[in-house]
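S.K.: Fold the stuff below for me.
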Amino acid sequence: MFITFTRPNVPKYETSTFSCSSLDECKNKLIINIKDNITSIIDYPNDLDDYSCLYWYNKNYMGNNIFDYKIYYENNWIQPWSLQELYEDVINIIYQVDVQDSIYNDNNYYDECTD
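M.R.: So this is what the prediction gives:
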């Protein structure tokens, strides 16, 4: 199984190819790759189109997806997950990491001083 992941970064496209042993592994690699390549911002919109327009293309919506993928599986090129579904999974992971970081960050706790 192979994943070809294309990110349209102005002014060119970048393609990465992965080898996977299962569809679940492919999805995990896709999510990690998307997460590593989207701009770090504070407030991610819920909709992929909103993210594309507001952040990826800096309010100059180009009608292009920020990423695309195909998986070669059983002699066919397939796309088993929608781009929106993958984006939502990425946002959930980013949110979970942010929550964990805030829990383990000592600066987020009140330091009680006793005299």
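S.K.: Now do the end-to-end distance for stretch 35-48.
M.R.: With Cα to Cα, to the nearest Å as the measure, stretch 35-48 spans 13 Å from end to end.
S.K.: Mind listing what's buried along it?
M.R.: Within stretch 35-48, the residues scored as buried using 16 or more other Cβ atoms under 10 Å are 35, 38, 44, 48. (C-beta placed from N, C-alpha, C; glycine too.)
S.K.: Quick check: of these, which lies closest to residue 100?
M.R.: Nearest to residue 100, judged by Cβ to Cβ, of those is residue 35 at 14.5 Å.
S.K.: How much space separates the closest one from residue 76?
M.R.: Distance, residue 35 to residue 76, using Cβ to Cβ, to the nearest Å: 27 Å.
S.K.: again with residue 65
M.R.: Taking Cβ to Cβ as the measure, residue 65 falls 21 Å from residue 76.
S.K.: Over to residue 83?
M.R.: From residue 83 to residue 76 the distance is 19 Å (Cβ to Cβ).
S.K.: Equivalent analysis for residue 14, please.
M.R.: For residue 14, the distance to residue 76 - Cβ to Cβ - is 24 Å.
S.K.: which one of the buried residues of stretch 35-48 is nearest residue 56?
M.R.: Comparing the buried residues of stretch 35-48 against residue 56 with Cβ to Cβ places residue 38 closest, at 7.5 Å.
S.K.: quick one: which of residue 83 and residue 76 has more around it?
M.R.: Neighbours per residue (other Cβ atoms under 10 Å) separate residue 83 from residue 76, with residue 83 holding more: 17 against 8.
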